[in-house]
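Student: Structure of the sequence below:
(one chain, ligands or ions: 1)
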Amino acid sequence: MARDPADRPETARKGRVLLAPEAAERLPGGPPRTEDQKLLRRTERPAFLDSDPWRALRILAEFVEGFDALAAIGPAVTVFGSARAPEGEPTYELARAIGRGLARAGFAVITGGGPGVMEAANRGCREGGGLSIGLNIELPHEQRLNPYVDLGIEFRYFFARKTMFVKYADAFVILPGGFGTLDELFEALTLIQTHRIRHFPVVLVGRAYWAGLLDWLRDTLLAAGAISPEDLDLYVVVDDAEAAVRAVVEGVAASRSEVAPASPSEVAPASPSEVAPASRSEVAPASRSEVAPAARSEDGGD
Ligand code: AMP
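Tutor: Residues are numbered from 1 along each chain as shown. Below you'll find the model as predicted:
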């Protein structure tokens, strides 16, 4: 005797639809699958993987991963500078000393995770007991994170990575560098100038290196009316590691109380004894609210 399909365990149900197994075999596309079955089924590489909607999801994933990984890092300073400064050169050693000093002052150090100044700043941070962070970028040639990174993220998209540099930093320290460094410098200045972020400290290291550019900003851009006089106060210039760390500490305190950072001439070098050593475990505890809020993006990135 034929059984009622509703009583048979092999009968497929979807909402109010009921499908006996014999009927399912005759349908185009075969028997219905559960969502898990569809998800787990292996297919050829589908064309949509190379489409913009799928790229948009990858971009979203980079933001989600970045936010998840960096949300709890505590006070941090992003250090930029040449990818080409080799170990032993003055710029490398300067970046290393700055990384060390920032760590001892209680900051995590964020870099692009690559070689040169990035490696030196990560290395110094680790030596100073700080949390050393590298946000690497996929490049045409293979590149690994430098060996001094403790928390590393690999990004495919430049702009997702740049968001992290800004969102999680309380200050920028910028050492001598090339196009990449200039891009990062001017992005920071533009964000501050247009009030996308509060006036957080932007510390240029190396007076002689930056002098030509800074003269040009004043003599050409300002003279042409392309920038305002107060735009020349958006950065400070220092020459050594102690002064750089001090400029960050003072600038962060100033932006915390929403007072404009000191002008370049007011940034006196700090003595090394003012920068107290801290162990790695001593670095993390400072909560973001102790240092950060005033310096971060005003809309909270939401
Ligand atoms: P540049 O001044 O042209 O040497 O570029 C250095 C800056 O650009 C760094 O602060 C990085 O954020 C980024 N950058 C350039 N090259 C690399 C690289 N190989 N790996 C990671 N970041 C890089």
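
Student: how about the residues of the chain that lie near the ligand?
Tutor: When proximity is defined by Cβ under 6 Å from any ligand atom, the chain lies next to the ligand at 80-84, 112-114, 118, 136-137, 139, 143, 177-181, 184. C-betas here are computed from N, CA, C, even on glycine.

Student: does Val77 sit in a helix or strand, and which one?
Tutor: strand 76-80 (DSSP states H and E).

Student: and the next element down the chain from that strand?
Tutor: Helices and strands here follow DSSP H and E; after strand 76-80, the next one along the chain is helix 90-104.

Student: how far off strand 76-80 does that following helix point, in degrees?
Tutor: 180 degrees (axes from the mean of the first three to the mean of the last three Cα atoms, to 10 degrees).

Student: now for the helix or strand just after helix 90-104, which elements pack on it?
Tutor: Sequence order places strand 108-111 as the next helix or strand after helix 90-104, per DSSP H and E. Identification of packing neighbours for strand 108-111 by 3 or more Cβ pairs under 8 Å, 6 or more residues apart in numbering; DSSP states H and E yields strand 76-80, helix 90-104, helix 117-127, strand 132-137.

Student: Format those as CSV; extra columns: distance to Tyr168 and mean pLDDT.
Tutor: What follows is the helices and strands packed on strand 108-111, written out as CSV (distance: least, Cβ to Cβ, whole Å; pLDDT from 0 to 100):
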stretch, distance to Tyr168, mean pLDDT
strand 76-80, 5, 98
helix 90-104, 14, 98
helix 117-127, 14, 98
strand 132-137, 8, 96
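
Student: How about the contacts made by Leu232?
Tutor: If you count contacts by Cβ atoms under 8 Å, 6 or more residues apart in numbering, Leu232 has them with 217-218, 222.

Student: what kind of secondary structure is it in?
Tutor: The three-state assignment at Leu232 reads helix, by DSSP: H, G, I helix; E, B strand; the rest coil.

Student: Return the distance of it relative to the ligand.
Tutor: Counting by Cβ to the nearest ligand atom, to the nearest Å, the separation of Leu232 from the ligand is 22 Å.

Student: same thing with Thr194?
Tutor: Between Thr194 and the ligand the distance is 21 Å, computed by Cβ to the nearest ligand atom.

Student: Check that residue and give its pLDDT.
Tutor: At Thr194, the predicted lDDT confidence score is 95.

Student: again with Leu204
Tutor: 98.

Student: Quick check on it: phi, psi?
Tutor: Note on Leu204: backbone dihedrals following degrees, to the nearest 10 are phi -90, psi 130.

Student: Look through this structure and tell me its longest helix.
Tutor: If each helix of the chain is counted by residues according to DSSP state H, the longest one is helix 52-70.

Student: ok, back up a step: could the helices and strands packed on strand 108-111 go into JSON lines alongside mean neighbour count?
Tutor: Supplementary listing: the helices and strands packed on strand 108-111 in JSON lines, determined by neighbours: other Cβ atoms under 10 Å:
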{"stretch": "strand 76-80", "mean neighbour count": "29"}
{"stretch": "helix 90-104", "mean neighbour count": "25"}
{"stretch": "helix 117-127", "mean neighbour count": "28"}
{"stretch": "strand 132-137", "mean neighbour count": "24"}
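
Student: Give me the buried subset of the residues of the chain next to the ligand.
Tutor: By neighbour count, with 16 or more other Cβ atoms under 10 Å, the residues of the chain next to the ligand hold 80-83, 112-114, 118, 136-137, 177, 180-181, 184 as buried.

Student: which residues of this structure score low on pLDDT?
Tutor: With pLDDT under 70 as the threshold, the chain has low-confidence stretches at 1-2, 32, 258-302.

Student: Please, where are all the strands along the chain?
Tutor: Using DSSP state E, the strands of the chain run over residues 12-14, 17-19, 76-80, 108-111, 132-137, 151-155, 171-174, 202-205, 236-238.
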